[in-house]
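[1] just to be clear, the model below is a prediction. Sequence and coordinates:
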Amino acid sequence: MTSAVLEEALKKASLAWVSVGDGPALGVWCLPLEGSLIVVTGPGEQYAPGLAEASRATVRLRGDTGGLIVIAEMSVSRLAPGTDDWETVAPQLAQKRLNASGTADDVVARWAETGCAVVRLTPEEDTTAPGLPSDSGATAPRETPARNETRRPYRLHRVRGADRPSR
């Protein structure tokens, strides 16, 4: 049984942070469908290395305010072209694909020809929303010469005449 928070986050998801194994979490656009997320990856599409071959992935979802609200382990299943799942899911996903050249049918045909992977991410039955980390997860900024501290100019009061146009 999944938690209510996870179910609600899945319904509203348009972007998910997906990591496979020990890899970094990558932001991918997705289509929420019947309690799962549908993602496309491959040539000419978003980059998600290892997702098509994986059996499990860690998915992080955000809430209405944009902050992380749930982290869930999900099973990954690849939809094969020509199957009933492909015929129903791929056209729906293609309609949501922004900036696609051609019609939804053209996009689905291109995905099948180029070997793009359409995968379904489904939460495990016993998944509950785990406690979120107590720290922000942010790392310290890397040292760079572009980051120089500069002094701000000192002004005690407004400068007279600065807001009036010159004559």
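    Thanks, I have it. Residues are numbered from 1 along each chain as shown.

[2] helices and strands around the longest helix along the chain, which ones?
    As assigned by DSSP state H, the longest helix anywhere in the chain is helix 84-96. In terms of contacts (3 or more CB pairs under 8 Å, 6 or more residues apart in numbering; DSSP states H and E), helix 84-96 is packed against strand 31-33, strand 36-41, strand 68-79, helix 104-114, strand 117-123. C-beta: built from backbone N, CA, C; applies to glycine.

[3] quick check: mean pLDDT across it?
    Taken as a whole, helix 84-96 has an average pLDDT of 88.

[4] and it, which residues are buried?
    Buried residues in helix 84-96, defined by neighbour count with 16 or more other CB atoms under 10 Å: Trp86, Val89, Ala90, Leu93, Ala94.

[5] save the helices and strands packed on helix 84-96 as JSON lines, and put in mean neighbour count too.
    Below are the helices and strands packed on helix 84-96 laid out as JSON lines (neighbours: other CB atoms under 10 Å):
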{"stretch": "strand 31-33", "mean neighbour count": "17"}
{"stretch": "strand 36-41", "mean neighbour count": "22"}
{"stretch": "strand 68-79", "mean neighbour count": "18"}
{"stretch": "helix 104-114", "mean neighbour count": "16"}
{"stretch": "strand 117-123", "mean neighbour count": "21"}
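
[6] any idea which of those gets closest to Arg56?
    Checking these against Arg56 by CB to CB gives strand 68-79 as the closest, at 5.9 Å.

[7] tell me the angle that closest one makes with helix 84-96.
    Calculated by axes from the mean of the first three to the mean of the last three CA atoms, to 10 degrees, strand 68-79 forms an angle of 130 degrees with helix 84-96.

[8] what does strand 68-79 rub up against?
    Applying CB atoms under 8 Å, 6 or more residues apart in numbering, the external contacts of strand 68-79 come out as 2-3, 5-6, 9, 36-37, 51-52, 54-63, 85-86, 89-90, 117-124, 127, 129-130, 132, 137.

[9] check contacts around Val107.
    Ala94, Arg97, Ala100, Ser101.

[10] any of those buried? List them.
    Listed as buried from the contacts of Val107 are Ala94, Arg97; burial here means 16+ other CB under 10 Å.

[11] and of the contacts of Val107, the nearest to Leu156?
    So of the contacts of Val107, ranked by how close each gets to Leu156 (CB to CB), first place is Arg97, at 56.6 Å.

[12] spatially, what comes nearest to the closest one if we skip its sequence neighbours?
    Leaving aside its sequence neighbours, Arg97 sits nearest to Val107 (CB to CB, 6 or more residues apart in numbering; 5.9 Å).
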